[in-house]
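Asks: Take this sequence and fold it.
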Amino acid sequence: MGIVDDLKPELQSARSERQWYEADWQDYVTYTAPDMERAFNRPGGVSAADGMSVFRQSAARQRSRKLFDPTAVWLLDRLASGVGSLTMPEGFSWHGVGFGDPFAPPPTQADEEFFELVRDHLFRVRYAGRSGFSLANRSRILSTVKLGTGVLFPLENEYNLADIRTPVHYRYVPLHEVYLVVDAQGNDCGFFRVRRLAAWQALKEYGGNVSQGVKEDAADPKRKNTEHVFVHACFLREGGHIDASDARRSRFESIHFEEDGQHICRRGGFFEYPLVISRWDRDGLSPYGSPPQAKLMSDIKSLQSLARDGLIASSQAVRPPIATHREERQLDLNPGRTNPGLIDEQGRPLFRPMVDTVNPGAADSKIESIREKLRIGLYGDLWQTLLEGAGRTATEVNIRRKEMADMIGPFSTNILAGNEALFEREIGVLGRRGAFATGSPLEPPDSVLEGDVTLTSTAPIDQMREAGHFEAIMGFQDYLGAAGAADPSILDLHDREAEYDLTRRALGLPAKLKRRPEEVEALRADRAAQAEQHQQLATGESMARMAKDGAPLLKALAKPGSVPDVG
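Replies: Alright, predicted model coming up:
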C-alpha cells in the first residue's frame with residue numbers, strides 16, 4: 001500500500017472534521033465578508049463545483065444577495081485595518097529580536113546591536129519588491145479578522161539561491177484550500193492543501209513531473225485549461241530530526257500528489273513548520289479560530305431581516321400595490337399621465353391602494369439598537385473614540401490608548417503568536433544560506449550562539465501597553481524631585497542608569513542611542529580629568545589672586561611705625 005493510499009484517508013478525515021466550520025464560514029462570507037473567498041459562498045459548500053453557474057447570475061449579485069445593511073461589513077473592514085496598523089504596520093519595525101529564555105541575563109550592548117541588525121535585515125527581506133510579503137500578509141490579516149484564521153506560506157526561493165534580497169517568497173493560502181492538523185496539545189503539526197490547477201499551470205508548477213493525462217491536456221490547446229486536483233500534504237516525519245541538515249531527514253515531510261491519479265509530483269521536506277497561522281480567538285484546541293462576529297451572528301442576521309423588511313415597507317409606502325375596478329384596467333402612475341375611465345359618475349376613483357397602514361420607520365429604533373451592539377462588539381466605538389480625541393490632554397489620550405490596548409490586546413496576542421513560526425522559518429532559511437557564518441555582516445557574538453534567540457514583539461499595540469511604564473517613570477521623577485529637596489539622601493536609593501534603560505525600552509528606542517560601557521567609562525574618565533584640571537586651575541588662580549591682593553598690605557606692614565604699640 002503506497003504512501004498516497006495512506007494519506008487519502010487522513011485527508012478525508014480532515015475534510016469531515018472541517019464541515020462543521022464550513023457552515024459557519026458560509027454565514028460569515030454571506031453576511032459580513034462578501035469580498036472574501038468565493039468557495040465559501042457556494043450553495044453546496046466548499047466541495048461543490050461551480051460548473052456553468054457563473055454564467056447564470058451576476059457574481060456581485062450572488063455575493064451580496066442577503067446584504068441589506070452593510071454595518072457589519074464596514075465595521076470588520078475598519079477592525080482589520082486597525083488591527084493591521086496596531087500589530088504589523090508597514091514601514092515600522094513591529095518586532096525585535098531577543099533571548100527566549102526568561103531566566104537569561106540581560107542582553108549586552110553588543111547583543112542588542114546584533115539583534116537590531118538581524119531585525120533590520122529581516123524587514124528588508126520581507127518588504128523587498130519581489131517577496132510578496134505586503135499583499136500576502138494583508139490577506140492573512142483580513143482572513144484572520146473576517147473568518148477567524150489566516151494562513152501565510154513562506155517559501156524558500158529555490159529558483160535563485162544567490163538572490164540575497166529575496167531568499168523567501170511569501171504567499172497567502174486561502175482558507176478554503178487548507179485543512180489544518182493539530183496534535184493532542186493543539187500545536188500545529190501538519191496540513192493538507194487542496195488546489196485545482198489548470199493542466200498548463202500544473203506542468204509549470206511541478207516542472208513536468210505530472211501524470212501522462214495532465215501532460216496530454218497541457219499539450220492540447222483546447223484542453224490546457226482543464227482543471228486537475230492536486231494535494232500538498234505536510235506532516236511530521238518518522239525519524240526526523242530538529243537539527244537535521246539533509247531535507248530527507250528533516251522534521252517535516254512534504255508530498256505533492258494528484259488526488260485522482262495518485263501520481264506523486266514532488267517529495268521533499270521542511271526543517272521548520274512551513275505555515276504561519278494566526279487565529280482571532282481559538283476555541284479550545286481547535287485547528288481553526290473564531291472571528292469577532294461569531295457571537296453576533298444572530299444580531300447580524302436579524303439586522304439584515306429588519307433592513308430587508310424596512311426596504312419593502314418603504315417601497316410599499318412609495319409605490320403601494322393598487323386595486324382597480326376592472327381586471328383589465330391598467331394604471332399609468334407616471335407623472336402627468338391620464339387614466340380615462342377610472343372614476344365613476346360621482347367622481348369616486350375606481351382604484352385604491354391595497355396597503356395603507358405601512359410605516360417604513362417602525363423598525364428604525366430596533367435597527368439602530370442592533371447597530372449599536374455591533375459597534376461595541378466589533379470595536380467600532382474604540383476607533384471612534386480615538387478619532388474624536390481632539391482637545392483632550394496628553395494624559396487622556398494615553399488613557400484611551402491603553403484602554404484600546406487592553407481590549408484588543410488579547411486578540412492581537414493570538415495574531416502575533418503566529419509570527420514566531422515566521423521568524424523561525426526565516427532564520428532557518430537565512431542560516432542555511434550562510435547569513436550567520438563567520439565573516440558575514442550578521443555574524444553573531446558568542447553570547448548569542450549560546451542562547452535561545454526568538455522574536456520579541458514591539459508593535460504599536462505593545463508600545464501602548466508600555467506607555468504606562470513611561471507615565472509611571474515621569475510621575476516618579478516628580479515625586480523624587482520633591483522628596484530630594486526635603487532630604488537629599490533619598491536620591492542615593494535611585495538608580496539612574498536602570499531608569500534610563502527602562503525608559504528607552506518602554507519608548508522602543510534603538511540600542512544604538514546608548515553608548516557602550518567602555519565609551520561611557522572613557523567619557524566619565526575624561527570628564528573627571530577635565531574637572532580635576534579645572535579645579536587645579538581654579539586653585540592656582542585663587543592663590544595668585546590672594547598673593548596679589550595681599551602684597552600692598554605686606555608692604556605697609558613692613559614700614560617702621562606702621563604697627564602701633566600696644567601697652
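
Asks: Mind listing residues that contact stretch 276-287?
Replies: 17, 140-141, 144-145, 148-154, 180-182, 184-186, 188, 288-292, 294, 411, 414-419, 421-422, 425 (C-beta atoms under 8 Å, 6 or more residues apart in numbering). The C-beta positions use only the backbone N, C-alpha and C, and glycine is treated the same way.

Asks: again with stretch 516-536
Replies: Residues outside stretch 516-536 that contact it (C-beta under 8 Å, 6+ apart): 109-110, 515.

Asks: closest to F351 among these?
Replies: Q109 (90.3 Å; C-beta to C-beta).

Asks: Excluding sequence neighbours, find me the nearest residue to the closest one.
Replies: Spatial nearest neighbour of Q109, excluding adjacent residues (C-beta to C-beta, 6 or more residues apart in numbering): R516 at 4.7 Å.

Asks: Surely I277 is in a strand?
Replies: Yes: assessed with DSSP: H, G, I helix; E, B strand; the rest coil, I277 lies in a strand.

Asks: how close does the nearest residue in space to it that is not next to it in sequence sit to K204?
Replies: Counting by C-beta to C-beta, 6+ apart, I277 lies nearest to G418, which is 5.1 Å off, once chain neighbours are set aside. Taking C-beta to C-beta, to the nearest Å as the measure, G418 falls 30 Å from K204.

Asks: between these two, which one's more packed in?
Replies: More crowded of G418 and K204, by other C-beta atoms under 10 Å: G418, with 20 against 12.

Asks: Let me see the contact set for the more buried one.
Replies: 150, 152, 276-279.

Asks: Swap in 10 Å and give it another go.
Replies: 140, 144, 149-152, 188, 275-279 (C-beta atoms under 10 Å, 6 or more residues apart in numbering).

Asks: Over to L155?
Replies: So L155 contacts 132, 168-171, 274, 425, 429 (C-beta under 10 Å, 6+ apart).

Asks: In strands only, show me those.
Replies: 168-171 (DSSP state E).

Asks: re earlier: ChimeraX command to pick out the buried ones of the contacts of stretch 516-536?
Replies: Selection of the buried residues among the contacts of stretch 516-536 in ChimeraX, burial being defined by 16 or more other C-beta atoms under 10 Å:
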select :109
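
Asks: Looking at the contacts of stretch 516-536, which one is closest to L374?
Replies: Once C-beta to C-beta is applied, the member of the contacts of stretch 516-536 that ends up nearest L374 is Q109, at 49.9 Å.

Asks: pLDDT score for the closest one?
Replies: Each residue has a pLDDT score; the one for Q109 is 82.

Asks: Also S211?
Replies: In this prediction S211 is given a pLDDT of 93.

Asks: Wait, it touches E259, no?
Replies: No: using C-beta atoms under 10 Å, S211 is not in contact with E259, being 11.2 Å away.

Asks: Can you check which residues contact both of those two?
Replies: In contact with both S211 and E259: H228, using C-beta under 10 Å, 6+ apart.

Asks: Next one: A459 from G96, what distance?
Replies: 10 Å.

Asks: neighbour-wise, which of these two wins?
Replies: More crowded of A459 and G96, by other C-beta under 10 Å: A459, with 22 against 19.

Asks: Mind giving me the packing neighbours of the helix or strand hosting G431?
Replies: G431 belongs to helix 419-432 when assigned by DSSP states H and E. In terms of contacts (3 or more C-beta pairs under 10 Å, 6 or more residues apart in numbering; DSSP states H and E), helix 419-432 is packed against strand 95-99, helix 109-126, helix 133-147, strand 149-156, strand 168-172, strand 276-279, strand 453-457.

Asks: where exactly do the strands run in the stretch 301-450 of the chain?
Replies: Taking DSSP state E, counting those that start in this stretch as the criterion, the stretch 301-450 of the chain carries its strands at 322-324, 351-353.

Asks: And for the closest residue to L303 other than its chain neighbours, the neighbour number?
Replies: Closest residue to L303 apart from its sequence neighbours, by C-beta to C-beta, 6+ apart: I370 at 4.6 Å. Other residues near I370 come to 22 when the count uses other C-beta under 10 Å.

Asks: Could you do R171 as well?
Replies: Using other C-beta under 10 Å, the number of residues around R171 comes to 14.

Asks: my guess is it contacts L152, does it?
Replies: Yes: assessed by C-beta under 10 Å, R171 is found in contact with L152 at 7.5 Å.

Asks: re earlier: filter the contacts of G418 to the buried ones?
Replies: 140, 144, 149-152, 188, 275-279.

Asks: ok, the residue nearest to I277 to F133 distance?
Replies: Going from G418 to F133 by C-beta to C-beta gives 14 Å.

Asks: Many thanks, we can stop here.
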